[in-house]
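Q: This is a predicted model, with the sequence first.
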Amino acid sequence: MPPNKTIAISTRQQRLIDFSQLTKFRLSVSVVVSSLAGYFLAVNEVNYFTLLLLTVGGYAMVGASNAFNQVFEKDLDSLMIRTQNRPLPAGRMHSKSALFIGVILTLVGVTSLYIINLKTAFFASISIFLYACVYTPLKQKTPLSVFIGAFPGAIPFMLGWVAATNEFGVEPGLLFMLQFFWQFPHFWAIGWLMHDQYQAAGFKMLPSGSKDQNTAFQIVFYTLWTVVISLIPAFHYTGALYLTKTASILVFLLGAVFLYYALKLMISKTDSAARLLIRASIIYITGIQLIYVIDKFLLQ
């Protein structure tokens with residue numbers, strides 16, 4: 001194979017890797033999966049064209065948010081080990097290129113979701129604005145940035161329901177609340193583990209500003225609320241969104257495990273406990289979505 005062709009292939013691969021890092025591929029995919037879960041919960045018959053639009057639009061909107069975030073935080077990312085190799089701080093991509101990608105992804109996302117319905121496009125647009133223009137600049141100013149960031153972070157789960165029904169009511173409201181409260185223990189556990197690096201960049205991520213009892217207690221408090229909210233559909237007060245007894249037991253057991261690791265962090269206050277809580281939180285939210293969807297299609 002000619003040397004120049006080898007270099008070209010390598011360059012294309014690097015660009016793909018950079019695009020993946022800029023849009024945070026794994027995070028974006030997890031958000032899309034969350035949206036799809038919300039969609040499946042709302043429908044009895046799947047519209048595959050809507051499903052495709054929701055997938056493309058969801059990834060584009062989340063990818064755009066991450067691209068804008070990395071443009072704004074390029075200099076700060078260079079101060080943290082976990083972000084130093086991103087394409088902007090590493091110098092592999094120019095800020096103008098990243099901004100252009102963000103704009104294109106926004107247009108693709110809004111257009112795709114608008115074809116589904118106006119409400120879906122509206123909520124997704126609000127998500128981008130809050131994440132890029134409110135949450136991002138607040139991270140250096142106040143721990144309340146996590147509260148603001150929880151709003152766009154909670155939209156995807158309920159977005160699928162809105163995409164399916166073109167309505168916002170008690171059901172998508174419950175899905176929103178569940179993912180909203182879940183984010184606090186999840187991101188505070190990350191903030192606990194990465195506290196020194198966040199401090200180096202000037203980010204104020206922990207509610208008390210340090211890895212202390214106050215922060216640990218709030219992690220447990222919000223974990224408990226997350227578990228309580230996840231069980232509300234078991235009492236059939238949430239319209240078309242409800243759980244059977246079997247699913248309710250599984251949701252309770254999953255919540256008990258999640259709460260156990262939150263309590264473990266509060267007791268030990270160690271980085272290893274924070275790391276375990278991060279894993280538990282990811283397993284929890286993924287498991288909850290799976291149980292909700294499986295319950296709808298197999299158990300009800």
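A: In hand now; what should we look at?
Q: Check the secondary structure at Val103 for me.
A: Remark: Val103 carries the secondary structure label helix [criterion: DSSP: H, G, I helix; E, B strand; the rest coil].
Q: ok, now how distant is it from Ser65?
A: Look at Val103 and Ser65: by C-beta to C-beta, to the nearest Å, they are 12 Å apart. In short, each C-beta sits where N, CA and C put it, glycine included.
Q: who has more neighbours, those two?
A: With other C-beta atoms under 10 Å as the criterion, Val103 and Ser65 differ in neighbour count, and Ser65 comes out ahead with 31 against 13.
Q: which parts of the host helix or strand of the more buried one are buried?
A: Taking DSSP states H and E as the definition, Ser65 sits inside helix 48-72. By neighbour count, with 16 or more other C-beta atoms under 10 Å as the criterion, the buried positions of helix 48-72 are 50-51, 53-72.
Q: Grab the nearest non-local neighbour of Trp225.
A: Setting aside the residues directly before and after it, Trp225 is nearest to Phe181 in space (C-beta to C-beta, 6 or more residues apart in numbering), at 4.9 Å.
Q: Can you name every helix or strand that the helix or strand where that neighbour lies contacts?
A: For Phe181, the element it lies in under DSSP H and E is helix 170-193. Using 3 or more C-beta pairs under 8 Å, 6 or more residues apart in numbering; DSSP states H and E, the elements in contact with helix 170-193 are helix 25-42, helix 145-165, helix 213-231, helix 245-268, helix 271-294.
Q: Dump the C-alpha coordinates for stretch 179-186 into CSV.
A: Extracted C-alpha coordinates of stretch 179-186, given in CSV (Å, rounded to 0.1, in the frame of the first residue of the first chain):
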residue,chain,number,x,y,z
GLN,A,179,-33.8,11.2,35.6
PHE,A,180,-33.6,14.7,37.1
PHE,A,181,-33.1,13.5,40.7
TRP,A,182,-30.9,10.6,39.6
GLN,A,183,-28.3,13.0,38.2
PHE,A,184,-27.4,14.5,41.6
PRO,A,185,-25.9,11.3,43.2
HIS,A,186,-24.4,10.3,39.8
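Q: got the domain boundaries for this protein?
A: Taking automatic domain parsing as the criterion, the chain consists of the domains 1-166, 169-300.
Q: Please produce JSON lines containing the ones you listed, extended by mean pLDDT.
A: Below are the domains of the chain laid out as JSON lines (pLDDT from 0 to 100):
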{"stretch": "domain 1-166", "mean pLDDT": "91"}
{"stretch": "domain 169-300", "mean pLDDT": "96"}
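Q: Quick check, central residue of this structure?
A: Nearest to the geometric centre of the chain sits Gly153, at 4.8 Å (C-alpha atoms, centre = their mean).
Q: correct me, but it touches Gln183?
A: Yes. Applying C-beta atoms under 8 Å as the test, Gly153 and Gln183 come out as touching, 5.0 Å apart.
Q: Report the angle between the helix holding Ser65 and helix 25-42.
A: Helix 48-72 runs at 150 degrees relative to helix 25-42, counting by axes from the mean of the first three to the mean of the last three C-alpha atoms, to 10 degrees.
Q: What's the first helix or strand after helix 48-72?
A: Elements were assigned by DSSP H and E; along the chain past helix 48-72, the next helix or strand is helix 74-77.
Q: quick one: buried residues of that next one?
A: 74, 76-77.
Q: do stretch 254-264 as well
A: Within stretch 254-264, the residues scored as buried using 16+ other C-beta under 10 Å are 254-255, 258-259, 261-264.
Q: Out of these, the closest to Ala90 would be?
A: For those, the minimum distance to Ala90 (C-beta to C-beta) is 33.8 Å, reached by Tyr261.
Q: That closest one: what's it in contact with?
A: Listed by C-beta atoms under 8 Å, 6 or more residues apart in numbering, the contact set of Tyr261 reads 273, 276-277, 280-281.
Q: Please name the nearest non-neighbouring residue to it.
A: In space, not counting the residues next to it along the chain, Tyr261 is nearest to Ala280; the distance is 4.1 Å by C-beta to C-beta, 6+ apart.
Q: try Asn66
A: On the basis of C-beta to C-beta, 6+ apart, the spatially nearest residue to Asn66 that is not a chain neighbour turns out to be Lys24, at 4.5 Å.
Q: Now do the contacts for Val293.
A: Residues touching Val293, when contacts are defined by C-beta under 8 Å, 6+ apart, comprise 37, 40-41.
Q: ditto for Phe235
A: With C-beta under 8 Å, 6+ apart as the criterion, no residue contacts Phe235.
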